[in-house]
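Engineer: turn this into a model:
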Amino acid sequence: MTGEAPRRRGRPSRTEREQGPGARTRILEAARAEFAERGYDKTSVRGIAKVAGVDAALVHHYFGSKDEVFAAAIEVSFEPATVIPAVLAEGPERVGERLARYFFAVWENPATRAPMLAVIRSAVTHEAAAKALRTFVLRRLLERVAGDLDVPNPKFRAELAASHMIGIAFARYVIKVEPLASVDQEEIVALVAPTLQRYLTEA
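Structural biologist: You can find the predicted model right below:
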């Protein structure tokens, strides 16, 4: 017996702590890259740690399980804390257009598109991916937008808006249906915005 107190599971060693505050950011970046490239099923905490240049214990320390790393990596793409005020700032008029433009901008940006592709591809077969999609597209974003607009049945409206946008994203970015896959983003926004506006604001 050495008399030393046992270490908490997942607690980083002193060497790992000395990775500095940038370690968490590196882990998130590595997670986004790994999930995008390998999908949910083939990505492991050990693999994420290797890409980030840290010990797997440090990943567990910051995020816990693989599911939690996955959820954190997706949240970085959506940034709901900054997006929702911007979408709602000008009131209910044209909220559908602002929401559509934001949503498709996430998909058009290669850095944020990659983890979103991983989410949609994995959501069909993995509950963790489906939960992440529900949490960050529906509950963290659309339900809050609909709720702040003070309309009847805000959750149902949010679900309709989510199904509309996710369906288009799947057709455009995952299975790449033409001409939807190659049409200009603004053309999609112009056609989708009135439908989202109706879902979110009409009594």
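Engineer: going forward, measure contacts between C-alpha atoms and count neighbours the same way
Structural biologist: Will do.
Engineer: can you pull up the most central residue in the chain?
Structural biologist: Taking CA atoms, centre = their mean, the centroid of the chain lies closest to residue 74, which sits 3.0 Å from it.
Engineer: would you check that that one makes contact with residue 118?
Structural biologist: No - using CA atoms under 8 Å, residue 74 is not in contact with residue 118; the gap is 9.3 Å.
Engineer: and the closest residue to residue 131 other than its chain neighbours, how close does it get to residue 130?
Structural biologist: Excluding its sequence neighbours, the residue lying closest to residue 131 (CA to CA, 6 or more residues apart in numbering) is residue 123, at 7.8 Å. For residue 123, the distance to residue 130 (CA to CA, to the nearest Å) stands at 4 Å.
Engineer: show me what stretch 97-110 is in contact with.
Structural biologist: Applying CA atoms under 8 Å, 6 or more residues apart in numbering, the external contacts of stretch 97-110 come out as 77-78, 87, 112-113, 116, 165, 169, 173, 185-186, 189-190, 192-194, 196-197.
Engineer: restricting the selection to alpha carbons, write that stretch to PDB.
Structural biologist: Taking C-alpha atoms only, stretch 97-110 is exported to PDB below (Å, rounded to 0.1, in the frame of the first residue of the first chain):
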ATOM      1  CA  GLU A  97     -36.500  33.200 -43.900                       C
ATOM      2  CA  ARG A  98     -34.000  33.900 -41.200                       C
ATOM      3  CA  LEU A  99     -34.300  30.300 -39.800                       C
ATOM      4  CA  ALA A 100     -34.000  28.800 -43.300                       C
ATOM      5  CA  ARG A 101     -30.900  30.900 -44.100                       C
ATOM      6  CA  TYR A 102     -29.200  29.900 -40.900                       C
ATOM      7  CA  PHE A 103     -30.000  26.200 -41.200                       C
ATOM      8  CA  PHE A 104     -28.800  25.900 -44.700                       C
ATOM      9  CA  ALA A 105     -25.700  28.000 -43.900                       C
ATOM     10  CA  VAL A 106     -24.700  25.400 -41.400                       C
ATOM     11  CA  TRP A 107     -24.900  22.800 -44.200                       C
ATOM     12  CA  GLU A 108     -23.100  24.900 -46.800                       C
ATOM     13  CA  ASN A 109     -20.100  25.400 -44.500                       C
ATOM     14  CA  PRO A 110     -17.800  22.400 -45.000                       C
END
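Engineer: sounds good, over and out.
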